[in-house]
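K.L.:
sequence and predicted structure below; questions after.
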Amino acid sequence: MSSNSDAPTMKLLILGGTQFLGRHMAEQALAAGHEVTLFNRGNQGRRLLAGVEQLQGDRRGDLSILRGRRWDAVLDPSCYVPSAARRSAELLRDAVDHYCLVSTISVYPQIDADTDEHAAVAELSAEQLAQAEAQATAPGSQSGGGYGAAYGGLKVLCERTVQDLMGERALILRPGFIVGPYDYSPRLPYWLQRLADSARDGEPVLAPGRPERPVRLIDARDIARFALQRAQARQGGLFNTVGADGLNMGGLLETAHSASDSKAELVWLPDESLQAAGIQPFADLPYWLPEADNAMMDMRNPAAAVAGLRFTALAQTLADTAAWLSAGPRPSSPCLSRERERALLEAWRPAALVNP
């Protein structure tokens with residue numbers, strides 16, 4: 001039964017649907033009573049999501065299993081190269097009323113608080129595009145990521161392809177840093193697991209930069225909810241979806257304290273100390289950027305908020321993510337090791353700000 005008794009249920013096709021954002025889209029659609037079909041290379045759909053139809057195939061090649069079918073809308077959180085966008089949009093343009101493509105704010109070469117949906121976007125050379133397409137179709141290649149500096153430009157071309165083929169039926173979402181349960185990235189799980197470890201061993205936690213430095217995150221479930229609302233209303237458009245205002249690194253880690261049941265001492269090392277020690281932004285300490293490079297965290301999404309995007313409270317996001325982490329296998333993290341963290345704290349603690 002639909003969560004809105006006045007809204008008809010939909011037949012939805014999700015390209016992907018078992019990893020992170022796609023899985024949240026599928027779960028919310030099923031909870032609302034919609035009929036869900038997943039198309040992907042694996043066979044996890046039926047195991048993870050009761051009540052779905054699972055179609056196996058590779059969007060980079062043969063899509064014939066989709067031919068001759070009709071859905072109300074397609075949700076596409078798994079497109080990385082324009083050839084894949086073209087294959088799916090060409091096949092489905094007469095089979096769906098609505099097409100949602102999940103893009104990224106990486107389409108913008110420069111980002112600050114004033115960056116809106118009309119800002120300049122990245123462009124690729126023909127050589128860059130050819131290299132990326134060859135990489136995408138190489139034997140054993142993964143469907144997402146690994147495109148380096150070409151990533152934003154590839155997403156721009158995916159957007160344009162879907163818009164050209166679907167017109168006003170196209171919904172393009174440009175998220176920033178997505179968080180929540182099923183997040184196997186080394187970002188938010190790093191902080192939750194690090195604080196949980198400190199709750200057991202009592203060791204201090206290295207916190208990066210100033211506590212007041214802005215951070216911008218969005219719960220995957222908020223994007224999924226917004227996408228389904230727009231699909232239900234058959235409303236297209238182009239929206240930045242980067243999260244709520246008012247969060248900073250101090251607030252993130254203090255809220256993570258509670259979610260991890262931790263009272264760890266936070267030792268805030270300034271940017272200068274971290275840079276002198278060779279710490280890599282994001283790679284070693286997630287969500288840390290030197291102040292001079294932090295303008296992207298000021299980006300906002302007023303157009304999406306006016307259109308109905310709503311945000312889950314940070315405490316709920318972190319509590320749910322911590323519960324998911326504690327219930328399953330611990331994701332591996334390439335971030336800062338405990339040994340290196342201890343050495344940094346010992347060497348640079350005189351320059352630190354300490355919060356109990």
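P.N.:
Received it, and whenever you're ready, just let me know what you need. Numbering: from 1, shown residues only.
K.L.:
okay, and the closest residue to T104 other than its chain neighbours sits in which element?
P.N.:
Of all residues not flanking T104 in the chain, K155 sits nearest, at 5.2 Å (CB to CB, 6 or more residues apart in numbering). Yep, even glycine has a C-beta here, placed from its N, CA and C like the rest. Per DSSP states H and E: K155 is located in helix 151-166.
K.L.:
quick check: mean pLDDT of that helix?
P.N.:
Mean pLDDT, computed over helix 151-166, is 97.
K.L.:
ok so, going back, how far away is the residue nearest to T104 from L318?
P.N.:
Counting by CB to CB, to the nearest Å, the separation of K155 from L318 is 28 Å.
K.L.:
ok, Q28 next?
P.N.:
Distance from Q28 to L318, by CB to CB: 20 Å.
K.L.:
those two: who's more crowded?
P.N.:
Neighbour count, other CB atoms under 10 Å: between Q28 and L318, L318 has more, with 26 against 17.
K.L.:
host element of that one?
P.N.:
Here L318 is assigned to helix 314-327, by DSSP H and E.
K.L.:
buried ones in that helix?
P.N.:
Within helix 314-327, the residues scored as buried using 16 or more other CB atoms under 10 Å are L314, T317, L318, A319, D320, T321, A322, L325.
K.L.:
and E346, that's in a strand?
P.N.:
No. Remark: E346 does not belong to a strand; assigned using DSSP: H, G, I helix; E, B strand; the rest coil, it is helix.
K.L.:
in the chain, which spans are strands?
P.N.:
Applying DSSP state E to the chain gives strands spanning 11-15, 35-40, 53-56, 73-76, 98-102, 170-175, 177-179, 205-208, 217-219, 237-241, 266-269, 353-355.
K.L.:
now mean neighbour count, distance to D164 and mean pLDDT too, for those strands, in JSON lines please.
P.N.:
Formatted as JSON lines, the strands of the chain follow (neighbours: other CB atoms under 10 Å; distance: least, CB to CB, whole Å; pLDDT from 0 to 100):
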{"stretch": "strand 11-15", "mean neighbour count": "24", "distance to D164": "18", "mean pLDDT": "97"}
{"stretch": "strand 35-40", "mean neighbour count": "22", "distance to D164": "22", "mean pLDDT": "94"}
{"stretch": "strand 53-56", "mean neighbour count": "15", "distance to D164": "26", "mean pLDDT": "92"}
{"stretch": "strand 73-76", "mean neighbour count": "27", "distance to D164": "15", "mean pLDDT": "98"}
{"stretch": "strand 98-102", "mean neighbour count": "26", "distance to D164": "11", "mean pLDDT": "98"}
{"stretch": "strand 170-175", "mean neighbour count": "24", "distance to D164": "9", "mean pLDDT": "98"}
{"stretch": "strand 177-179", "mean neighbour count": "23", "distance to D164": "26", "mean pLDDT": "97"}
{"stretch": "strand 205-208", "mean neighbour count": "24", "distance to D164": "42", "mean pLDDT": "96"}
{"stretch": "strand 217-219", "mean neighbour count": "24", "distance to D164": "27", "mean pLDDT": "98"}
{"stretch": "strand 237-241", "mean neighbour count": "22", "distance to D164": "13", "mean pLDDT": "98"}
{"stretch": "strand 266-269", "mean neighbour count": "21", "distance to D164": "48", "mean pLDDT": "94"}
{"stretch": "strand 353-355", "mean neighbour count": "14", "distance to D164": "51", "mean pLDDT": "73"}
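K.L.:
can you add distance to A150 and give these back as a markdown table?
P.N.:
A markdown table is the format used below for the strands of the chain (distance: least, CB to CB, whole Å):
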| stretch | distance to A150 |
| --- | --- |
| strand 11-15 | 21 |
| strand 35-40 | 24 |
| strand 53-56 | 29 |
| strand 73-76 | 19 |
| strand 98-102 | 18 |
| strand 170-175 | 17 |
| strand 177-179 | 20 |
| strand 205-208 | 28 |
| strand 217-219 | 24 |
| strand 237-241 | 21 |
| strand 266-269 | 33 |
| strand 353-355 | 39 |
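K.L.:
I'd like the distance between G180 and A50.
P.N.:
21 Å.
K.L.:
lovely, talk soon.
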